[in-house]
Every structure is written in C-alpha cells, then in structure tokens.
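Asks: Here you go, sequence then predicted model.
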Amino acid sequence: MEAILSGLFRFSLLHRSSRIIQGNHRFVYEKLLGPNTTPHHLVYTSDRTNRSKMAACSTDPAIVSRIMRPDDANVSGNVHGGNILKMIEEAGIIVSARHCNLYAGEEGRDLSAPSLVRIEQMDFLQPMHVGEVAQLQADVTFTGPHSLEVQVRVWAENVLKGSKRLTNKASLWYVPISTVAQKVAEVPPMVYSSQQAEEAGRKRYDYQKAHREENNHVVNNVIEPRPMDLEAEPHTVRYSQSSLIHLVNPSDTAIHGFATGGVTLKLMDEVAGITAARHSKNRVVTASIEATNFHRPVPKGSLMHLMGRISFTSSRTMEVEVAVDLEKMTSGGMTKERAATSFFTFVSLGADGKPIPIPPHKITTEEEKLRFEEGKGRYERKKAEREAHKKVDT
C-alpha cells in the first residue's frame with residue numbers, strides 16, 4: 001500500500017493537472033498507513049511554510065465534461081440535481097487541488113488535499129436533460145491564508161443542435177489539509193484581474209466567516225428521525241418531515257476512506273426533495289442551496305442519518321432544513337455527531353412545468369415560529385440580492 005501511494009503522489013506532484021483528486025476527506029496517511037506513519041519519501045518532510053514567500057500565482061480553470069445518461073435522471077426525466085451536485089464538487093476539488101499544490105515540494109512545503117467545508121450558494125437556473133453534455137468550469141476566485149473560494153458554472157450542451165445553456169452556478173469554499181502534518185495548510189495567494197475583484201472576494205470571505213459564526217446554533221439543532229405521520233395535520237412540520245439512513249460503502253469514498261462531499265450532497269438533496277414533495281403534494285425541483293457546512297468527515301462503514309424538515313414557505317418557494325448525523329457503528333457506542341447542515345429551496349411545478357403556489361407552512365410550536373422567521377430573513381436577503389443583480393445587469 002505504501003509503495004502504491006508513493007507512486008500516486010509522485011505522479012500528482014509531477015503532473016499539476018492533479019489526476020489524484022482528494023475528496024471531502026482528511027487524515028489520509030493516518031487512515032491508510034497508520035497513525036505513526038511519517039512517509040518521508042512521499043513528500044518533503046518539513047511542514048514549515050511562509051505564505052509571504054509564495055509569489056502570487058494563477059491557476060487555469062478546471063474543465064469537466066460528461067454526457068448525461070438515463071441513469072442520471074430523476075422521476076421527472078430531467079437530470080437529478082444530486083448528480084449535478086456531485087459533478088460540481090468534483091470540479092471544485094480538481095481546481096483547488098491544483099492551486100493548493102502549486103508550491104508543493106518547494107522550501108519544505110507538503111502536498112495538501114483540499115476538503116470541502118462550505119457551499120455558500122448553489123443555483124439551479126434551468127433543467128438539464130438526458131442526452132445533453134454537462135460542461136463544468138471551476139475557477140479559483142479568492143484565496144485567504146488557509147481557505148480558497150471556487151466558483152463553478154455548468155452548461156448543458158445539445159451537440160445535435162449546437163446549442164448551449166447555463167444551468168447552474170455555485171460558490172464553494174475549500175480548506176487544504178497537509179497530507180503529512182494532518183493539519184490545515186497555507187494557501188498560495190492568487191493573482192486577481194483587478195483590485196475590484198480582490199475587494200469583492202474579500203467581502204465574500206468576510207461574509208461567509210461571519211455567517212458561520214452567527215449560525216453556529218444550527219449545528220446543534222435537534223431533528224429527530226421519524227417516519228411520516230399520516231395522522232398529523234397536512235402542511236405541518238410533523239406531517240412532511242423525512243429521514244434517510246445510508247451506509248457509507250467503498251463506492252461512496254475516495255482513496256482515503258471518507259464519503260465525498262458529492263455523495264453527501266446528493267443524499268441531502270434526496271431527503272430535502274422528499275420533504276418538499278410531501279408538503280406540496282406535488283412535483284418539486286431544487287431551486288437553490290444555501291449555507292451548506294461540512295463539520296466533520298464521514299468514514300467508510302459508518303451510517304449517515306439524514307433528516308429534512310420544512311423551515312419556511314413563501315407563495316412560490318419552500319425552504320427545507322437538512323441535517324446529517326454521523327454514527328460510527330464500530331466505535332462501541334451509539335452516539336451521533338453532526339456532520340453537515342444545509343438549507344435547500346424548492347419550487348413546485350404544475351402539469352405545464354411552470355411554478356405553482358406553495359401551501360402555507362402551518363406553525364404549531366414556538367421553535368417552528370423561530371425557524372420560520374430565520375428562514376424568512378434568508379428569503380428576503382436572497383430576494384434583495386437578486387433585485388440588486390438585476391439593476392447591475394441593466
């Protein structure tokens with residue numbers, strides 16, 4: 001195993017295209033080679049870095065393409081939003097791995113594996129269809145001392161008609177983890193196209209940092225997994241709340257044994273979609289995802305408990321809060337730890353494929369009222385941001 005890893009990482013070091021892609025995982029060598037392994041011959045041994053000595057650099061965009069097959073579709077016949085989420089996360093991993101390892105091997109800098117820690121925003125603008133080619137472009141758009149922002153755009157290309165549509169936009173944050181020291185590594189500074197671009201990136205960085213601190217309480221929100229309560233009043237939280245349990249198999253992980261962010265996102269999208277469909281009693285599609293935070297990695301062989309509940313409804317949209325709990329079955333106990341949290345926004349579609357009104361959310365407790373007001377604040381902020389973008393575009 002050690003010899004295989006040596007060859008893989010030497011290849012990754014020589015080929016900056018980063019064929020060896022690290023997923024949403026950490027502690028690579030401790031899990032694969034043992035906690036006391038120090039693979040000196042794999043990478044340079046010193047973990048001392050000085051970001052001020054790293055020249056600002058630029059990284060070429062990561063381009064990913066794949067034709068959409070029938071097994072990528074959802075029940076409506078369009079490409080499943082969860083599959084698009086997986087492709088977006090993979091494109092982000094590629095470009096962030098390239099950038100974070102630009103100086104690997106120089107002055108004792110270790111190789112690092114980027115870990116997805118947050119999805120700031122992900123918008124579903126148009127559906128993608130089976131037979132179209134998904135084209136993704138991932139760009140590094142801001143670098144902090146220990147994190148970097150990646151923006152991904154997705155197009156659907158109809159190769160027969162020669163047409164192409166923008167279907168998705170996403171903003172993700174990654175943190176590089178040293179593969180030797182097993183701690184957060186420094187990120188090489190990037191070259192910005194203008195001072196305005198750097199300032200705008202700084203504002204996004206400060207916003208997501210402040211948002212995480214303001215919403216730390218969401219991590220501890222209790223969502224008890226329970227089956228659908230057919231006796232509950234329709235359009236209440238108790239009626240539509242949904243849950244899934246998933247065993248993390250080897251096919252869900254990358255080489256270091258943790259579930260990829262893309263797999264987790266797809267499962268979160270599924271439980272959120274079930275919740276939204278139960279509430280609206282109609283066909284639903286994902287409109288956007290906001291404030292997705294990954295709190296800890298999920299190892300192979302563990303259970304993921306996914307819970308979704310309605311937190312807010314407007315006349316045309318509904319917000320679903322999703323929480324993922326980790327249960328390690330081999331640890332000798334039954335304790336759970338919060339692994340990820342997010343808010344999904346859905347719209348309901350009529351027979352003509354156009355959005356239809358959403359049944360109002362019936363609040364039954366003070367806790368639900370508080371969550372509704374928080375969701376309303378997110379809804380109004382996003383609405384104001386859309387209006388501001390429209391003014392800029394005109």
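Replies: Cool, got the structure.
Asks: how about the strands in this structure?
Replies: Under the criterion DSSP state E, the chain contains strands at 62-67, 112-124, 133-143, 148-158, 163-178, 242-247, 283-294, 303-313, 318-327, 336-349, 355-356.
Asks: now the helices: where do they sit in this structure?
Replies: Applying DSSP state H to the chain gives helices spanning 2-14, 28-33, 81-100, 195-214, 237-240, 261-280, 366-393.
Asks: Confidence-wise, which of these is weakest overall?
Replies: When these are ranked by mean pLDDT, helix 28-33 comes last with a mean of 30.
Asks: What is the burial count for the closest residue to Val248 other than its chain neighbours?
Replies: Excluding the flanking residues, the one nearest Val248 by Cβ to Cβ, 6 or more residues apart in numbering is Ala259, at 4.9 Å. Just so you know, the C-beta spots here come from the backbone N, C-alpha and C atoms, and that holds for glycine as well. Neighbour count for Ala259, taken as other Cβ atoms under 10 Å: 27.
Asks: pretty sure Ala259 is in contact with Asp252, am I right?
Replies: Yes: counting by Cβ atoms under 8 Å, Ala259 touches Asp252, with 4.9 Å between them.
Asks: residues in contact with the residue nearest to the spatial centre of the chain?
Replies: By Cα atoms, centre = their mean, the chain has its centre lying nearest to Ile119, at 4.8 Å. Ile119 sits next to 170-173, 265, 289-292, 342 when contact means Cβ atoms under 8 Å, 6 or more residues apart in numbering.
Asks: change it to 10 Å
Replies: Ile119 makes contact with 85, 88-89, 92, 170-173, 208, 261, 265, 289-294, 340, 342, according to Cβ atoms under 10 Å, 6 or more residues apart in numbering.
Asks: what does Lys336 give?
Replies: 225, 303, 305, 324-328.
Asks: again, 7 Å this time
Replies: For Lys336, the contact set (Cβ atoms under 7 Å, 6 or more residues apart in numbering) comprises 305, 325-327.
Asks: Which pLDDT value does the model give it?
Replies: 82.
Asks: List the beta-bridge partners for it.
Replies: Note on Lys336: beta-bridge partners Glu327, judged by DSSP bridges.
Asks: roughly how far apart are Asn293 and Leu349?
Replies: 29 Å (Cβ to Cβ, to the nearest Å).
Asks: the more surrounded of these two?
Replies: Neighbours per residue (other Cβ under 10 Å) separate Asn293 from Leu349, with Asn293 holding more: 21 against 17.
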